[in-house]
Structure formats: structure tokens, C-alpha cells
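**Student:** what follows is a predicted protein model with its sequence.
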Amino acid sequence: MKAKMKGRALVLLSSFIILHVYAENSPVGEVPASRYHNHIRKMQSFRESLLQQNSPSISPTSAPDVSGPRVYRVTSYGGDPRGKSDSTEAIMRAISDAFEGPSNGFLMEGIVNLGGAQINLEGGNYLISRPLRLPNPGYGNLMISGGTLKASDDFPTDGYLVELSSNTTEGNSYNFEYITLKDLMLDSNYRGGGISVINSLRTSIDNCYIAHFTTNGILVQSGHETYIRNSFLGQHITAGGDHTERNFSGTAITLSGNDNAVTDVVIFSASIGILVAGQANTLSGVHCYNKATGFGGTGIYLKLPGLTQTRIVNCYMDYTGIVAEDPVQLHISSTFFLGDAFVLLKSINGIANGVNIVDNMFSGSNKGIEIVQLDETNGPFKEIDQVIIQRNNVKGMNFKSTVARGSAEGNGTSWTVDFSPTLVFSNLIKHVQYSLSTSGGSFFNHAIRNVSQNRVVIESDVAASASVYVTVDQGTVGSS
């Protein structure tokens, strides 16, 4: 009965308002303006009171209707988008509600499918006093996006703003699957790191700007298939030529897992751009100008002695180079090295196997810097096979290769061609091919008499005026 009465009151109210509008426009029965506006204000107040009685109250901390779109807006949980007050609890409540929402079957065995639930930061700037750690392992298909997270001045220095990790030891193969972090700016405030992904599967980090970290901008440990793309990372916000560059520290990205990819990423300040300590990773379209080699920086460090299995293609090493420890199955191609940047092969146990450094561009300042160098502090490389360093174009640096061609001419019985300025490895020639040309009409015997210290000596049994043309290969016998 009350509902019917309220409905009738609303109908009467609407009719009454229409009559007054009609009366005001009518040439007869005019109502004085002051009385008319007074009536209108009273009727509007009456109508609003009825509407409020018929509408359910909405709490600022209420979760979204699980029957509708599952977008959890952190301001609805009390998050401060101005960044003035601590929003950690508000964001964690939003994440917890997303985890408690309806599921849609499973992803990998033991991973609950959250159906694409979204934590929406609504373009706000939120102050965080402790890591945002997902509540429980065993969940997937969740996105956190659309805003800025900044570490507070008392944020733990060993933490990360967003942590995909678990303190429990449940029986899941992976902690999480298909978690997406997108369109985020993460400001670590020189206290810890940006994102940690621990034992997770198919994680996507897309269009993120991560700054002011002291440990790692992004740490990937165990698990596999974390894809980092279209993102910018730097300890200090700079565009190069920073007067404090010598003091840059930290690592922008650490990959301590397998089957990951870093694509179209810029690293503009850090001691190490990307540290790779897992197998079968791909780096493509990466621009490193994090810290110049001359200041002690490294663009990409491959710390996998004996089992590298890394592909680096179409990258830009800007005054900072690549270091590979005992490289085994390493491919570097279509990459531009600027400012005397080079590739350093570092001997740990003296192994280099299955290495391709081909079709790259090197540009330097005519200081005699070699494009590929060896660090044999721990001992010389002694197990070398299938190493191909060739077809690189070089300007302002010293050319190095595992394949070389040379010639010598003269009148005598011996001709020597020295390849040591060009060949990468010392005292190593696995394959030699030569031809001898003479202007005389006589035939005589000639042969290779010595191959050592990267020199080839050819001798004949009679003196002759001749030219010799020699090709050598350090890679493997029969390679082309």
C-alpha cells in the first residue's frame, strides 16, 4: 500500500508541475513570480524526498554487483586519488573483493579463473605504504590498470609496489596465471622495486612507466611466459646526459625465469638495463641508454654460463653494451651499437658454443674500440665451436670477426698472411682455404706450412713472383 501511495504522489507531483508551467505561460490567471518560485522550490524538495525513499542507499565502500561488470574502482573503497593519504588498505580491499567474486572455471589446474575482473585506479595517484600483494595464490585472469602508485617515505626498502608472490606453500604449480598490469606509473620513491613476479604464468606488463627503484624495476623469478612490452624504466627520470650518471644503480629488469619476452621497452637509467639469468628468453626492440659502459654500466647482462639460450634482435645499445658469460646458444642480430658500445664475451669456464653475432651495426668515435671483446680474467676460452661473428658493418670502431680473408704477394718462396688484427679468438684457426696465382708460365709445388698465432704461412719449393689469397674460419670446420 505504501508503495502505491508513493507512486500516486509522484504522478500527482508530475501533474502539478505541468499545470504550473502551463499557467505561467498562459495569458490569464498569472501567478506572481515570487509565489511561483516558492512553490517550485517546495515541490522540488518534496519530490527529491520521495525519490530518496524509493532509492537504495549506496555505501562508499560497497563492492560492485557481481551480476554485472566486475570493475572494482578503488575510490569506492576509500582510496585517495590525490595521493595525500595512504590508500594501501583501500586498494587491498578492492583486490580482496575481486578474489572473492564469482569464478568461471579454471585456467591451469588449481588456478581459479576470475573472469577478467578489473581493479580500476581511475587515473588517480595513490600513496602506498606497503607492497600490494595478491591475497592468495591459485587465481588468474585479473587486471590492475589505469593510475599511479607511489611508495610512501616509510615503504619497506626490500619490497615492491606490486608483488605477485605468495607466503604459502600450497600445492599449486604456479602462484598466479594471466595477471595483467597495464597503463600504470609506478614510483618506488627510491625505496625498493616496482613489480615482482614470482613463480607465475603468462603475466603481462604492458604500457607501464617505472621509476625511482633502488633494487629492480621489474623482477621475474621462476615461472615462465612473463611478457613485458611498451614500457619505460629508469631509476632517475632523465633523457640522457645526466651529470649523475656515474652514480646510477639498480637493475631495470631481472629475468630469472624461462620463456619470457621483453619487447619495445626503453631503459633510460640504471646500472644494468636487463639482467638475464634464465633460459629461452627473447629481447626485441629494446633501447638501453641506462648507464654508459665507460661509467661501469651494462645494457644487457647474460648471466647464464654454459646455457644462455637467449635471442637479442632489433635492439638499440646506446653507449652501453652486452656482456655474456660462457655463451652457449646466443643470437644477437639486427642491433645498433652506438657510442663505442660493444659485445663482451666473458670466460667463466672457457666455453663458447653456438654463438651468432651477425648483421649488426656498430658506430664509434675512432678510439680503437673493438666491436667484440673477450674477458679471459678467469682463464682463456678453450671450448669454442659454432661461433659465427660476421657480416657486421662498422664505422669508427675496430672490426672483429671469426671469418677473415687476406692476401699477400711477393717474389720468393714464402708468403705470410696475419689475421690477428681481425680474428676474435687468439691462436685459433680451424679452417683454411687458399689459392696461389703467378704470372710465370711454370708450375711448382706450394703448400700451407704453418698455422699459428692466427697467421698462415704458405711456402713453395722454388722462388716465384706470386700472390696468395687466404680465407680462415674460427667457428667450426666446414662452416660457411
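**Tutor:** Yes, it's here.

**Student:** state the mean pLDDT of stretch 415-433.
**Tutor:** Computed over stretch 415-433, the mean pLDDT rounds to 95.

**Student:** repeat for stretch 124-144
**Tutor:** For stretch 124-144, the mean per-residue pLDDT is 95.

**Student:** what separates stretch 395-403 from the chain centre, distance-wise?
**Tutor:** In terms of C-alpha atoms, centre = their mean, to the nearest Å, the centre of stretch 395-403 is found 30 Å from the chain centre.

**Student:** list the buried ones in it?
**Tutor:** 397-403 (16 or more other C-beta atoms under 10 Å). To be clear about C-beta, it is placed using only N, CA and C from the backbone, and glycine gets the same treatment.

**Student:** ok, and what's touching that stretch?
**Tutor:** For stretch 395-403, the surrounding residues in contact (C-beta atoms under 8 Å, 6 or more residues apart in numbering) are 340, 342, 362-366, 368-373, 387-390, 392, 421-425, 471-475.

**Student:** who are the packing partners of the one helix or strand residue 275 maps to?
**Tutor:** In this assignment (DSSP states H and E), residue 275 forms part of strand 272-276. Packed against strand 272-276 by the contact rule (3 or more C-beta pairs under 8 Å, 6 or more residues apart in numbering; DSSP states H and E) you find strand 251-258, strand 261-269, strand 298-302.

**Student:** reformat the buried residues of stretch 395-403 as CSV; add distance to residue 279.
**Tutor:** CSV is the format used below for the buried residues of stretch 395-403 (distance: C-beta to C-beta, whole Å):
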residue, distance to residue 279
397, 31
398, 32
399, 31
400, 27
401, 27
402, 24
403, 28
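
**Student:** out of these, who's nearest residue 138?
**Tutor:** Closest approach to residue 138 among the buried residues of stretch 395-403 (C-beta to C-beta): residue 402, at 49.6 Å.

**Student:** now the closest one, nearest residue through space, not along the chain?
**Tutor:** residue 474 (4.1 Å; C-beta to C-beta, 6 or more residues apart in numbering).

**Student:** for that neighbour, give its distance to residue 117.
**Tutor:** Distance of residue 474 to residue 117, computed by C-beta to C-beta, to the nearest Å: 56 Å.

**Student:** okay, now the unreliable bits of the stretch 251-400 of the chain?
**Tutor:** The model of the stretch 251-400 of the chain has no residue with pLDDT under 70.

**Student:** tell me where it has helices.
**Tutor:** Under the criterion DSSP state H, counting those that start in this stretch, the stretch 251-400 of the chain carries no helices.

**Student:** so residue 86 touches residue 127, yeah?
**Tutor:** Yes - in this structure residue 86 lies within contact range of residue 127 using C-beta atoms under 8 Å: 5.5 Å.

**Student:** spit out the residues that contact the two alike.
**Tutor:** Common contacts of residue 86 and residue 127, defined by C-beta under 8 Å, 6+ apart, comprise 80, 152.

**Student:** what is the burial count for residue 263?
**Tutor:** 16 (other C-beta atoms under 10 Å).

**Student:** kindly apply the preceding question to residue 437 instead.
**Tutor:** 10.

**Student:** how about the contacts made by it?
**Tutor:** 466-469.

**Student:** name whatever forms a beta bridge with it.
**Tutor:** residue 467 (DSSP bridges).

**Student:** ok, it to residue 469 distance?
**Tutor:** When residue 437 is compared with residue 469 (using C-beta to C-beta), they lie 7 Å apart.

**Student:** thinking again about what came up before, which of residue 86 and residue 127 has more neighbours?
**Tutor:** residue 127 (22 against 17).

**Student:** surely the more buried one is within a strand?
**Tutor:** Yes - under DSSP: H, G, I helix; E, B strand; the rest coil, residue 127 sits within a strand.

**Student:** how far away is it from residue 165?
**Tutor:** Note on residue 127: its distance to residue 165, by C-beta to C-beta, is 22 Å.

**Student:** mind checking the end-to-end distance for stretch 387-398?
**Tutor:** End-to-end distance of stretch 387-398 (C-alpha to C-alpha, to the nearest Å): 19 Å.

**Student:** that older thread, can you tell me which of the helices and strands packed on strand 272-276 is packed in deepest?
**Tutor:** The highest mean neighbour count among the helices and strands packed on strand 272-276, using mean count of other C-beta atoms under 10 Å, belongs to strand 298-302: a mean of 26.

**Student:** report the angle between it and strand 251-258.
**Tutor:** 10 degrees (axes from the mean of the first three to the mean of the last three C-alpha atoms, to 10 degrees).

**Student:** sheet partners, orientation included, of strand 298-302?
**Tutor:** Using DSSP bridges, the strands paired with strand 298-302 are strand 272-276 (parallel), strand 322-325 (parallel).

**Student:** can you give me the pLDDT of residue 37?
**Tutor:** At residue 37, pLDDT is 51.

**Student:** so which strand or helix has residue 95?
**Tutor:** With DSSP H and E as criterion, residue 95 is part of helix 88-100.
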